Each structure stands twice: as structure tokens, then as C-alpha cells.
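Participant: No letters, just coordinates:
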């Protein structure tokens with residue numbers, strides 16, 4: 001047997017940039033805003049508590065600096081949340097699922113169906129209020145998910161999970177019941 005390893009012309013390969021991504025549910029940006037607001041409210045409570053500490057109260061510039069830092073971080077966080085929602089999406093293709101996210105650092109993840117071990121649907125309390133779910137896809141060799149798509153409508157997450165399970169030939173406990 002003769003070993004062959006032919007070179008592939010990269011210009012003939014399909015581009016991942018030509019993919020049409022499905023957008024996440026509009027309520028997903030609300031969930032992220034609420035989560036940010038909770039985080040920044042707790043942070044503000046800590047800053048207010050620190051104002052009454054002797055070390056901080058003796059230095060008004062430090063006091064004002066903390067508040068300015070908090071306000072700038074809050075505004076940047078909310079701006080990045082909106083920009084992130086405008087970019088993030090997923091595409092279900094014949095042989096894989098692709099997810100794109102990131103404002104500052106763009107990340108495209110493609111998981112071939114033949115590598116999928118299992119998938120899960122999760123939802124936190126704020127997500128449940130808006131009927132949103134997170135689809136997590138696991139491949140071999142890890143204890144954490146390799147692909148995590150948050151902000152899916154409840155029924156869309158279930159459809160995606162069922163499609164992936166059917167495509168990978170796994171048994172779904174949801175279908176057996």
C-alpha cells in the first residue's frame with residue numbers, strides 16, 4: 001500500500017463566514033440586562049458600604065473614583081451586552097452545529113454530530129421567567145460542555161436537542177416517556 005497525502009486547495013473549501021446564523025430570542029438580551037443589573041446592584045451596595053469605612057471615608061477622591069469606575073463599568077457592560085446579542089447566533093447544518101459569539105474576541109465553534117456524546121437543556125430562574133433555555137452539547141473527553149447556546153426559546157432548544165440526538169443515534173429519555 002502506498003501512502004498518499006494530497007494537498008487541498010484552501011480556496012476551494014467552503015467558508016464558515018457564509019453561514020446564515022439564526023438569531024437568539026429577543027428576550028435573551030433582557031435576561032442579560034437583568035443579570036448585569038443584579039451584579040452591579042450588589043457591587044454598588046459594596047461601594048456604599050465601603051464609603052463608611054474609615055480608610056475610604058478619609059479619601060474623598062478614592063470614594064468618587066470608585067463610583068466613577070462603577071458607572072463606567074456599568075455603561076460598558078450594558079453596551080457590550082447589546083452588541084453581543086446582535087452578533088451571537090447559531091446554525092444547524094447537515095453534519096454539525098455552529099455557534100458564533102463575542103464582541104471583542106469573536107469565537108466560532110463548530111461541533112460535528114459524530115463527536116457529540118450527549119446534550120442537555122438548562123434554565124436559570126430568570127431564563128425560566130422568559131421561557132428561555134440553554135442548550136449544552138458535550139463531546140468526548142471533557143466534563144464541561146463544548147458548546148453552550150444560551151437564549152433559545154424553550155421549544156427551539158427542545159427541537160435542536162431532539163435533532164442532535166436523532167442525528168447522533170442516541171436514545172432520548174424524553175422520547176421514551
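Facilitator: On my side now, so go ahead. The shown structure was predicted, so the numbers you read here are calculated from the model rather than taken from an experiment.
Participant: Any idea how many residues pack against the residue nearest to residue 102 when sequence neighbours are not counted?
Facilitator: Setting aside the residues directly before and after it, residue 102 is nearest to residue 87 in space (C-beta to C-beta, 6 or more residues apart in numbering), at 6.8 Å. For every residue, glycine as well, the C-beta is placed using N, CA and C. Neighbours of residue 87 under the rule other C-beta atoms under 10 Å: 13.
Participant: Residue 87 contacts residue 104, correct?
Facilitator: No - using C-beta atoms under 8 Å, residue 87 makes no contact with residue 104, being 10.6 Å away.
Participant: what sits against the residue nearest to residue 102?
Facilitator: 100-103, 106 (C-beta atoms under 8 Å, 6 or more residues apart in numbering).
Participant: Quick check: the two most widely separated of these?
Facilitator: 100 and 103 (11.3 Å; C-beta to C-beta).
Participant: Give me the more crowded residue out of those two.
Facilitator: Shown here are residue 100 and residue 103; by other C-beta under 10 Å, residue 100 has more neighbours (18 against 15).
Participant: Show the average pLDDT along the longest helix along the chain.
Facilitator: Longest helix in the chain by number of residues (criterion: DSSP state H): helix 60-87. Averaged across helix 60-87, pLDDT comes to 90.
Participant: Can you spell out which helices and strands pack onto the helix or strand following that helix?
Facilitator: Sequence order places strand 89-92 as the next helix or strand after helix 60-87, per DSSP states H and E. Here strand 89-92 touches strand 22-23, strand 96-101, going by 3 or more C-beta pairs under 8 Å, 6 or more residues apart in numbering; DSSP states H and E.
Participant: Just give me how far strand 89-92 sits from the chain centre.
Facilitator: Taking the mean of its C-alpha atoms, strand 89-92 sits 12 Å from the chain's own mean (C-alpha atoms, centre = their mean, to the nearest Å).
Participant: Stretch 119-136 too?
Facilitator: The answer for stretch 119-136 is 12 Å, by C-alpha atoms, centre = their mean.
Participant: re earlier: by how many degrees do the longest helix of the chain and strand 96-101 diverge?
Facilitator: 150 degrees (axes from the mean of the first three to the mean of the last three C-alpha atoms, to 10 degrees).
Participant: So which bits of helix 60-87 are buried?
Facilitator: Across helix 60-87, burial judged by 16 or more other C-beta atoms under 10 Å covers 66, 74, 78, 81, 84-85.
Participant: How is this structure divided into domains?
Facilitator: 23-85, 90-170 (automatic domain parsing).
Participant: Quick one: closest of those domains to residue 6.
Facilitator: domain 90-170 (21.6 Å).
Participant: Am I right that residue 17 falls within a helix?
Facilitator: Yes - Residue 17: assigned to a helix according to DSSP: H, G, I helix; E, B strand; the rest coil.
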